[in-house]
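Participant: Quick one, fold the following:
(one chain, ligands or ions: 1)
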Amino acid sequence: MESGAAEPTVSAVEVESAVNVGGNSSIIHGWFSELSPMWPGEAHSLKVEKILFQGKSKYQNLMVFESSTYGKVLVLDGVIQLTERDECAYQEMITHLPLCSISNPKKVLVIGGGDGGVLREIARYSSIEQIDICEIDEMVVDISKKFFPKISVGFEDPRVNLHIGDGVAFLKAVPIGTYDAVIVDSSDPIGPAQELFEKPFFESVAKALRPGGVVCTQAESIWLHMHIIEDIVTICRQIFKGSVNYAWTTVPTYPSGIIGFMLCSTEGPVVDFKQPVGFINESTSNSDRPLKFYNKEIHQASFCLPTFARRVIDRA
Ligand code: SPD
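Facilitator: The predicted structure is shown next:
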């Protein structure tokens, strides 16, 4: 950690004036408003009860605040990464969409995901022997362990190997065909995650997967980012010679209230993402925490796209 000693707690009364929280966002009169050139002309706001942490790492600004209605909120460079109330809709879907699409996954790699939520979900699978994670910013891990114990619990699984470093460089060094699945739990493509949306990165992911292996990557919003999604689909169709699909989920605190995932498989045993072959529920899950969001019906439904999005994705 370069910096980031926790500043004294600030009550909502004390945030009457503007607090700069990184990026274009701010807290004004006790309301956090999320502004970014990635969603121009709109901003979602959450009422702030208390700022719990503000700091700056080598890579980004970090903030944790207690909101009035969504529990604790993790913000990186002014952009909401998760809230306690709706994180399940993201972490469960980005994990179980790929892992329930293949039989008995054994080796999984997470790029990003430093809050530990995706690890918590992967840990439900008793077939899994090895869970590697490469997160660039150690402060994200530390902050999550301090303020989000029900999310960072994922780090406690003995199968987890944490690597702090650059995911792009990590993947380049992975022997060909190592993983059954790669999950890319990144922030938006402005800032440290930019390279995770580019072609060379997807080429490295494909090399790291075994034949018929799967990748699931955070792929933004069909309401706001069709141009980004179109580019990602084009790149993925060039690289992944198995299947290429787009799915989405609702996350009320993400811009436009939804977020999507790019799901691809490499050439080899056929993967039909729309027909899950594995099943995770309370009785099969290696966890005493019930699933809150994911089920088989949601899995299948998440691939249904509105016409405007389907048109662009089909022609990409
Ligand atoms: N617009 C914000 C997208 C953030 C996606 N990653 C969230 C990390 C949660 N594990």
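Participant: What is the burial count for residue 139?
Facilitator: 23 (other Cβ atoms under 10 Å). (Each C-beta comes from the backbone N, C-alpha and C, glycine too.)
Participant: typo on my end, residue 172
Facilitator: The burial count for residue 172: 14, using other Cβ under 10 Å.
Participant: and it, what does it touch?
Facilitator: Neighbour list for residue 172: residue 204 [criterion: Cβ atoms under 8 Å, 6 or more residues apart in numbering].
Participant: What separation do you get for it and the ligand?
Facilitator: 23 Å (Cβ to the nearest ligand atom, to the nearest Å).
Participant: With residue 105 instead?
Facilitator: Distance from residue 105 to the ligand, by Cβ to the nearest ligand atom: 19 Å.
Participant: ok, and for the biggest strand by length in the chain, which residues are buried?
Facilitator: Longest strand in the chain, counting residues (DSSP state E): strand 44-56. Under the neighbour-count criterion of 16 or more other Cβ atoms under 10 Å, strand 44-56 has 44, 46, 47, 48, 49, 50, 51, 52, 53, 54, 55, 56 buried.
Participant: again, but for stretch 228-237
Facilitator: Result for stretch 228-237 [16+ other Cβ under 10 Å]: buried residues 228, 229, 231, 232, 233, 235, 236.
Participant: Next: stretch 140-158.
Facilitator: Neighbour count says stretch 140-158 has 140-145, 147-148, 151-155, 157 buried, by 16+ other Cβ under 10 Å.
Participant: Over to stretch 87-106?
Facilitator: With the criterion 16+ other Cβ under 10 Å, stretch 87-106 contains buried residues 87-102, 105.
Participant: Next, work out how far apart the closest residue to residue 52 other than its chain neighbours and the ligand are.
Facilitator: Counting by Cβ to Cβ, 6 or more residues apart in numbering, residue 52 lies nearest to residue 64, which is 4.5 Å off, once chain neighbours are set aside. Noted for residue 64: a distance of 13 Å to the ligand, by Cβ to the nearest ligand atom.
Participant: got the angle for the helix or strand hosting residue 64 vs strand 44-56?
Facilitator: In this assignment (DSSP states H and E), residue 64 forms part of strand 61-67. Following axes from the mean of the first three to the mean of the last three Cα atoms, to 10 degrees, one obtains 130 degrees for the angle between strand 61-67 and strand 44-56.
Participant: now the residue lying closest to residue 106 once chain neighbours are set aside: how far from residue 180?
Facilitator: Among residues not flanking residue 106 along the chain, residue 129 sits closest, at 4.9 Å (Cβ to Cβ, 6+ apart). Per Cβ to Cβ, to the nearest Å, residue 129 is found 10 Å from residue 180.
Participant: The two - which one has more neighbours?
Facilitator: residue 180 (24 against 12).
Participant: Leaving out sequence neighbours, find the closest residue to that one.
Facilitator: Using Cβ to Cβ, 6+ apart, the closest residue to residue 180 is residue 105 (4.3 Å).
Participant: just the helices in the stretch 101-250 of the chain please.
Facilitator: Here the stretch 101-250 of the chain has its helices, by DSSP state H, counting those that start in this stretch, at 117-122, 138-147, 149-152, 167-172, 199-208, 226-239.
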